[in-house]
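J.: Turn this into a model:
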Amino acid sequence: MLCAWAFFVIGGSVFAKASEGWAVARPTFTHGLARAGFESVLWAGVAGALVIILAAATALPCFVRYLGADGWSEIRRPILGAVVITIVTTAAGSAVVLWAHHLVFAQRNGGYWPYSMAFLILAALVVATVAGWTVAALRTVAHLELPSSVLYAEGGFALILTVLMTVILTGTVAWSAMVATDAPRFLSGAMTGPPGSPLTPNLLTAGAFMAAGLGLAFRGAGRVTGALRTDLGH
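T.: Numbers count the residues shown, from 1 in each chain. Below you'll find the model as predicted:
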């Protein structure tokens, strides 16, 4: 489920870039489904982040006990690696944002290849950061002794997160289709690709990451429900 959410974090970041400015402009002639889709992505994303925080807080006492038993030496490398890549990404992101303030809209959206290359490098660093923290979390959890009460709670969080990820992907598809139909000029101005088509590179990338994440989420949810059925059967 952590891997599934990591895919959604990346896909959601791409969607945020693709829809940049729409929340402010929000053309009055766009279908209400576009607004509903956009807001569902926003609020389901916030709710998903809160679920992740609650899941981490639930396992925190187990993590503290593990550290008290000299467990830091076993998880030090992945965590420090994630910290380093985060620092690099933060520095690179600050530089790109500062640079963007000195460029016009066209240059920031594919009209100036040095900036485009810098943005792609930053995107790769963001992906590496998400991957680094996901790996660190997975390796840490693998060492924890979780009591049954915590496992049940984490299973519940996993099922809730699956529902939220389904909402996010559905909202993304709805927004893309409706805006491409009713406001194609927004898409053609926000990203490359033929006006009127929802199959633009940014949205394709966002949809691909989210679809992969949802596939993992369904697999995880299936394991959770299967374990629950087994426990109830006993």
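
J.: Now for Ile168, which secondary structure element holds it?
T.: helix 148-182 (DSSP states H and E).

J.: could you give the mean pLDDT of that helix?
T.: With pLDDT averaged residue by residue, helix 148-182 scores 92.

J.: Next, the angle helix 148-182 makes with the helix or strand harbouring Asp231.
T.: Mapping Asp231 onto the secondary structure by DSSP H and E places it in helix 201-233. On the basis of axes from the mean of the first three to the mean of the last three Cα atoms, to 10 degrees, helix 201-233 is oriented at 150 degrees to helix 148-182.

J.: Quick check: which ranges of this protein have low pLDDT?
T.: Within the chain, the ranges that satisfy pLDDT under 70 run 23-31, 105, 109, 183-199, 233-234.

J.: Please repeat the previous calculation with a cut-off of 90.
T.: Low-confidence segments of the chain, defined by pLDDT under 90: 16-36, 68-71, 100-113, 116, 119, 175-204, 227-234.

J.: which helix in this structure runs the most residues?
T.: helix 32-68 (DSSP state H).

J.: Same question for whatever helix or strand comes next after it: list its buried residues.
T.: Past helix 32-68, heading to the C-terminal end, the next element that is a helix or strand (DSSP H and E) is helix 72-100. Residues of helix 72-100 classed as buried by neighbour count (16 or more other Cβ atoms under 10 Å): Ile75, Pro78, Ile79, Ala82, Ile85, Thr86, Thr89, Ala92, Val96, Trp99. Where you see a C-beta, it was placed from the backbone N, CA and C, and this is true even at glycine.

J.: The fourth one: what's it in contact with?
T.: By that I understand Ala82. Ala82 makes contact with Thr129, Gly132, Trp133, Val135, Ala136, according to Cβ atoms under 8 Å, 6 or more residues apart in numbering.

J.: Which of those residues fall in helices?
T.: Applying DSSP H to the contacts of Ala82, the entries found in helices are Thr129, Gly132, Trp133, Val135, Ala136.

J.: Against Val84, how distant is the second one?
T.: Right, the one you point to is Gly132. To Val84, Gly132 is 8 Å away according to Cβ to Cβ, to the nearest Å.

J.: Report the contact partners of Arg65.
T.: Listed by Cβ under 8 Å, 6+ apart, the contact partners of Arg65 are Glu145.

J.: Check the spacing between Asp231 and Gly155 real quick.
T.: 10 Å.
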